[in-house]
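1. got a predicted structure plus its sequence, pasted below:
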Amino acid sequence: MSRIGKMPIAVPAGVTVDIAENNKVTVKGPKGTLERVLPAEMEIKQEGEEILVSRPNDLKKMKSLHGLTRTLVYNMVTGVTEGFSKELEVNGVGYRAQKQGKKLVLSLGYSHPVEMEDPEGLEVIVEGQNKIIVKGIDKEKVGQYAAEIREKRAPEPYKGKGIKYADEVIRRKVGKTGKK
């Protein structure tokens, strides 16, 4: 039995969950509204203050969808109550980040500044010159946009320059040494 899939999801006060046909789940909360169509094979039902996800049979595909469906619903509930955030750090001499209106401007050692438009529903905060925080209610969008920012200059292993996640550890390498 899926250990994650069979865990009930607690619905906090102030959050409403609507389950329409074809497993279209709408979650409304203090921070906003999220909608998602989940796999039709899974049975999602609300019992009082809890949501339960069950699977029709024990086929491999159903087992994998079971845990996934439950986690997706859980992330929607968490998103509309607390929200999600990702922290990035810009390391390197002359590398910096700035906010200009709804644009994130990155100076990353290229001949031109890299400009990125904030996606709908996400908030990007720049603290100082080298800390970027991406916040939003949709975990998938927050992670995706943070990954796109990191992609502009991924950290390199020799000097550790580039954009990395705050909790990421860069494996450092030793450079080459001269001939003796």
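-> Received, thanks.

2. for the rest of this, base every contact and every neighbour count on C-alpha atoms.
-> Fine.

3. ok, the residue nearest to residue 51 when sequence neighbours are not counted - contacts?
-> Nearest residue to residue 51, sequence neighbours excluded (C-alpha to C-alpha, 6 or more residues apart in numbering): residue 9, at 5.0 Å. By C-alpha atoms under 8 Å, 6 or more residues apart in numbering, the contact set of residue 9 is 50, 51, 52, 70, 74.

4. could you redo the last one with a cut-off of 10 Å?
-> By C-alpha atoms under 10 Å, 6 or more residues apart in numbering, the residues touching residue 9 are 46, 49, 50, 51, 52, 53, 70, 71, 73, 74, 75, 77.

5. quick check, residue 40 in a strand?
-> No. Applying DSSP: H, G, I helix; E, B strand; the rest coil, one finds residue 40 to be coil, outside a strand.

6. any idea which helix is longest in the protein?
-> Longest helix in the chain by number of residues, with DSSP state H as the criterion: helix 60-81.

7. coming back round to it: by neighbours, which of the contacts of residue 9 wins?
-> residue 77 (27 neighbours; other C-alpha atoms under 10 Å).

8. chain neighbours aside, what residue packs nearest to the spatially most central residue of the chain?
-> The residue lying closest to the centre of the chain (C-alpha atoms, centre = their mean) is residue 143, at 2.9 Å. Spatial nearest neighbour of residue 143, chain neighbours left out: residue 86 (7.0 Å); criterion: C-alpha to C-alpha, 6+ apart.

9. please identify the helix or strand for that neighbour.
-> Assigned by DSSP states H and E, residue 86 belongs to strand 84-91.
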